[in-house]
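Asks: Quick one, structure for this:
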Amino acid sequence: MRIKELLIEGLFGLYDYKIPFKLNERITIVIGPNGYGKTRILLLILAILRLDFQKAADIPFKRFTIKFDDNSSLEIIKSKNNKYLQIEELIILNSEGKKLKFKPGKKNILTEKEIALSDKISEEINRANRDLHRISLNTWQNLKTGELIESDSEVNKILKKTDETYTDYQYLFKSTYFNFNKIPAQFLEYFNRVRNEITPSLVGTRRLYNTEYLQNMSLEYAPVNILNMMIKNYSWGIVNKIEDEKTKTKNISKDLDSTFNNRLRKYDGKVLTKDELKKELEFIQEEEKKLKASGFIDKEKSSVFKLDNLDEESRKLLTLHIRDMKIIIMNLEILKKRMALFLDIINEKFINKQLLISPETGFKIILQNGDLLELDSLSSGEQHQIIIWYEVLFNAKPGTLFLIDEPEISLHITWQADFIKDLKRILSLVDLDFFIVTHSPDIIDRFWNLTIELEGN
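Replies: Predicted coordinates for the structure are as follows:
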C-alpha cells in the first residue's frame, strides 16, 4: 500500500490542493511560495498515517483525503462549529469501491483549562515512557510496537504515581473528544492495515538538535548545555545497530550449529565438487575479511579447510557448511551495504576529512593530517548530511514514507545538486518513498519531472 494522491480542501481556509505522487520514480518534490502550507502538509500526512487525529485536527483545513494505490482512500472532514478542533466525519472508500462513513458524534467543546490539563497529562506520560505517543484524548500508541493503549490500562498505571494528575485524567476522560473505543471494527481494521503497510518518518528542519529538552524555547536563546547535538546520538546509534546485528547473527549461527548434524543426515541435495568447494570457500574467506574490517565478526574467526583427499561425506559436510556460512553472510550483508553507501555519499562531499565507522565508538572524523575531529566541530551542513542519510539508510524499514522538510538547509549548492541523485542511489538498495518540500532549484537540479507546484487559489 502506497499513497497515490493527496486532496486538501480549505488549508488555512484559503487553499485547495491536488498532489499526485510520483509512484514510478518514488520521489515527489513539492514546491511553492512561503505561506502556502508545505510544512503543514507534511505534518498532516504524518499525523494521519500515525492515526493521530488530534494532532491532525490542530492544523486548519476543511477536508483532507489520502488516496492509495490499491484504489482505497481515507477522508477526514473537520467540524465547522467547534473551535477546539473536532473531527466531524471519517470516510473510507475500500479497494472494492464500498464507502464507509463514521461520525464520532456531537462532542463536548473543551475549555482552555481542559486543553491545558490534557497537555499536562501528555507531558507526564511522555516523561514516564517516551515510547507512548498520544493519538487522541483517551488513546495512546506505543511507537515501538504500534499497540494502541486505552486509558484503563498502562496509562492509568503511570498516572497513579501522581494522584493529582491521575484525578485530572479521570476527570478529562469523561469528555468524549475522540474515543477509539467507539470506532467501528471495519475502520479499525483499515487503520491497522494503513499503519502496518506505511511507516511515515519526518526529517524536519530542526534535525540538528534534540528538541525534546527545548519544548517551546527558541533555539537562539536556549542555554548551550541543553543544545544536545543529535549528531552524537546518531554516532552511538550506529554502534547499537552493529551490536544488534552481531547478536542476531550469533543467534542464527547457534541455531544452524544446533541442527547441523540432523540436517547433514537428511541432506540429499547436490554435493559440490572439489573445485566448486575451493571457489566457494575463497568467496567466503573474502567476505569474512570485509566483515572483520567492518567489525561485524571477530577478527580471530575464519573459515580454513584442507581440501586434499576429500571423500563424498566430507564434501557433503563442507557443502552444507558453506550454505550455512552464506546464510550468516547474507544476514550481515544488508547493513554492510547500507554502511558502505552511507560512507560513500558522505565522503564524496567531505573536503580534507573522512568519516569512518568504529563498531566500538561510532562515527570518527579523520582530518587529512591524521588528527581526530570532534563530531560537534563539523559544520552544520556536514551534520545535516550525516543526519539525513543516516535516517534514510538506517532508520527505515521497507515501505517507509520519508517526509523531508527543506533538505537544502546549510548545504552548498553542489551538495544540493547531488541530493536527488543520492536518493536514487539509495532507492536501488532500499524500498522507500520520498515526499520532499523545498524552495531550492538546486535540490531539484535536472529532475523537474518530479515536482508538483502548489498554486494559491
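Asks: what stretches of the stretch 251-400 of the chain score poorly on pLDDT?
Replies: Applying pLDDT under 70 to the stretch 251-400 of the chain flags residues 298-307.
Asks: need the helices for it, in chain order.
Replies: Counting by DSSP state H, counting those that start in this stretch, the stretch 251-400 of the chain has helices at residues 274-294, 312-347, 380-394.
Asks: For residue 195, identify the helix or strand it belongs to.
Replies: helix 185-197 (DSSP states H and E).
Asks: Could you break this structure into its assigned domains?
Replies: As given by automatic domain parsing, the domain ranges for the chain are 1-107+185-228+400-457, 110-177, 230-398.
Asks: circling back to that earlier point, would you tell me which of the helices of the stretch 251-400 of the chain gets closest to residue 368?
Replies: Nearest to residue 368, of all the helices of the stretch 251-400 of the chain, is helix 312-347, at 12.3 Å by C-beta to C-beta. (C-beta placed from N, C-alpha, C; glycine too.)
Asks: Centre of the chain to that closest one, how far?
Replies: Distance of helix 312-347 from its chain centroid, counting by C-alpha atoms, centre = their mean, to the nearest Å, is 25 Å.
Asks: ok, now stretch 421-439?
Replies: 13 Å.
Asks: For that stretch, give me every contacting residue.
Replies: 2-3, 21, 26-31, 34, 38-39, 41-42, 45, 337-338, 341, 345, 389, 392-393, 396, 398-408, 443-445 (C-beta atoms under 8 Å, 6 or more residues apart in numbering).
Asks: In strands, which of these appear?
Replies: The members of the contacts of stretch 421-439 that map onto strands under DSSP state E are 3, 27-31, 400-405.
Asks: Only the buried subset of the residues you listed, as a ChimeraX command please.
Replies: With 16 or more other C-beta atoms under 10 Å as the criterion, this ChimeraX line picks the buried residues out of the ones in strands among the contacts of stretch 421-439:
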select :3,27,28,29,30,31,400,401,402,403,404,405
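Asks: State the pair within the ones in strands among the contacts of stretch 421-439 that is farthest apart.
Replies: Of all pairs drawn from the ones in strands among the contacts of stretch 421-439, the widest gap by C-beta to C-beta lies between 31 and 400 and measures 22.8 Å.
Asks: My guess is residue 267 contacts residue 320. True?
Replies: Yes - using C-beta atoms under 8 Å, residue 267 makes contact with residue 320 at a distance of 5.7 Å.
Asks: Of the two, give the one with the bigger neighbour count.
Replies: residue 320 (18 against 14; other C-beta atoms under 10 Å).
Asks: can you tell me which residues contact the more buried one?
Replies: Counted by C-beta under 8 Å, 6+ apart, residue 320 has contacts 260, 263-264, 267.
Asks: Identify, from these, the entry nearest to residue 53.
Replies: The nearest member of the contacts of residue 320 to residue 53, counting by C-beta to C-beta, is residue 263 at 51.0 Å.
Asks: Count the neighbours of the closest one for me.
Replies: Using other C-beta under 10 Å, residue 263 has 12 other residues around it.
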